[in-house]
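Visitor: give me a 3D structure for the following:
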Amino acid sequence: HFTSGTTVAPNEAPRNLLFLIQSPAHVHHTARACALCLSNTRIHAHSRAVHTINTCRQKVAALLRKGRYCDVTVRVGHREFLAHRVVLSAHSRFFEALFDGGFKEQNAPVVDVKNLEPDIFERVIQYIYEGKCTMNTDMVEPVLAAASLLQIDLLVSDAASQLEQLLSPACCAHALVVAELHYLPQLAAKAEAMTVDHFLEVAADALLPFECMRKLLASDQLNVETEQEVFTTLSKWIKNQAIPLDEEKQLELFSFVRFPLLANTFIRMTLEQEAALSTLHGHQVVLSQFLRPIPITRKGKFTWSLSS
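Guide: Numbering: from 1, shown residues only. Here you go, the predicted model:
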């Protein structure tokens, strides 16, 4: 330990303590130099690691193309694909369990994978061995489904990113279904945000999931001109459902419509024409809207008022 006033002869200072007796400015400069050097070292080490991985991947892919050391054939539909158990297991938890879970396929020379199309599995194999695959836009969702089935997390992530780039109001409803099916929260969030901005177009699609419609109706940020547009769009969505919603589900959705923002004549007409709202429970849903504070508008800043 060194204290103020302590002097140490240069030839007596231990080599590993030289930093302790340098001037503060020199210590700061040296520390920055060391940090920069360490950062550069890490960058170079990372670059070398990436290069090594890519080289290894290219060599393994070359072995597959030549059919060398392949120890399993994966049969998908009418096509057969040569592969290496260790490579499939390293990328897919499905194959890892298949080859190491005590199943009959563990040492079988040929294994069958069902519920997949050969052309889609070909892209999956390409991705496993090359780290990328070529496909047209129509293949993105089937490849995502295959990756989800085979539990290839990186391919699921990459395919989901492609779907995010392809998002448009016309396919938002379907994207929300896919996001729910494969648990893709980022895709769901982006699709929901687009749906809020294009509510009338997206909500007209009967494929829009019930929970998504419910969440949208509760939003203060729907991009609509009038509340009548919200009601009319919801009414059409309910009528277009392949499996009819029961009265309770319909009224749950109608409860999010802000009836005090509608004209009285429109409300009277609605109570006559909508079967779910014409019941006693339906009347109660409408009347309850007039007994609580409601926002003046659906989008932007709004103030609260009590409807009379």
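Visitor: low-confidence ranges, the stretch 51-200 of the chain, go.
Guide: Counting by pLDDT under 70, the stretch 51-200 of the chain contains low-confidence ranges at 51-53.
Visitor: neighbours around residue 124, how many?
Guide: When neighbours are counted by other CB atoms under 10 Å, residue 124 registers 25. (Glycine included, C-beta is placed from N, CA and C.)
Visitor: and for residue 123?
Guide: Neighbourhood size, residue 123 [other CB under 10 Å]: 22.
Visitor: and what of residue 284?
Guide: As a burial measure, residue 284 scores 11 neighbours (other CB under 10 Å).
Visitor: same question, residue 84
Guide: By the measure other CB under 10 Å, the count of residues near residue 84 is 18.
Visitor: mind listing what it touches?
Guide: Taking CB atoms under 8 Å, 6 or more residues apart in numbering as the contact definition, residue 84 lies against 60, 63-64, 69-72.
Visitor: these in strands, which ones?
Guide: residue 72 (DSSP state E).
Visitor: now list the buried members of the contacts of residue 84.
Guide: 60, 64, 72 (16 or more other CB atoms under 10 Å).
Visitor: chain neighbours aside, what residue packs nearest to the second one?
Guide: By that I understand residue 64. Once flanking residues are discounted, residue 64 sits nearest to residue 129: 5.4 Å by CB to CB, 6 or more residues apart in numbering.
Visitor: name the element the one you found belongs to?
Guide: Element membership for residue 129 (DSSP states H and E) is helix 118-130.
Visitor: show me the contacts for the nearest residue to residue 245 once chain neighbours are set aside.
Guide: The spatially closest residue to residue 245, leaving aside those adjacent along the chain, is residue 238, at 5.9 Å (CB to CB, 6+ apart). Residue 238 sits next to 245, 250, 253 when contact means CB under 8 Å, 6+ apart.
Visitor: the second one touches residue 278, doesn't it?
Guide: No: counting by CB atoms under 8 Å, residue 250 sits too far from residue 278 to count as a contact (11.4 Å).
Visitor: between those two, who's got more neighbours?
Guide: Per other CB under 10 Å, whichever of residue 250 and residue 278 has more neighbours is residue 250, with 21 against 13.
Visitor: ok, that one to residue 177 distance?
Guide: Here the criterion is CB to CB, to the nearest Å. By it, residue 250 lies 21 Å from residue 177.
Visitor: same deal with residue 59?
Guide: Separation of residue 59 from residue 177 (CB to CB) stands at 41 Å.
Visitor: comparing the two, which residue is more hemmed in?
Guide: Ranked by neighbour count (other CB under 10 Å), residue 59 and residue 177 place residue 177 first, with 17 against 9.
Visitor: neighbouring contacts of the strand or helix carrying that one?
Guide: In this structure, residue 177 is located in helix 172-182 according to DSSP H and E. Helix 172-182 is contacted from outside by 141, 144-145, 148, 156, 160, 163, 167, 184-185, 187-188, 191-192, 194-195, 198, 202-203, 205, 207-209, 212, using CB under 8 Å, 6+ apart.
Visitor: in strands, which of those residues fall?
Guide: Of the contacts of helix 172-182, none are assigned to strands by DSSP E.
Visitor: among the residues you listed, the buried ones, what's the ChimeraX command?
Guide: A single ChimeraX command suffices to select whichever of those are buried according to 16+ other CB under 10 Å:
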select :141,144,145,148,156,160,163,184,187,188,191,192,194,195,198,202,203,205,207,208,212
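Visitor: how about the nearest residue to residue 90, chain neighbours excluded?
Guide: residue 96 (7.8 Å).
Visitor: report the angle between the helix or strand hosting that neighbour and helix 118-130.
Guide: For residue 96, the enclosing helix or strand under DSSP H and E is helix 93-100. Going by axes from the mean of the first three to the mean of the last three CA atoms, to 10 degrees, helix 93-100 is angled at 80 degrees with respect to helix 118-130.
Visitor: can you name the next helix or strand after helix 93-100?
Guide: Per DSSP H and E, the first helix or strand lying C-terminal to helix 93-100 is strand 110-112.
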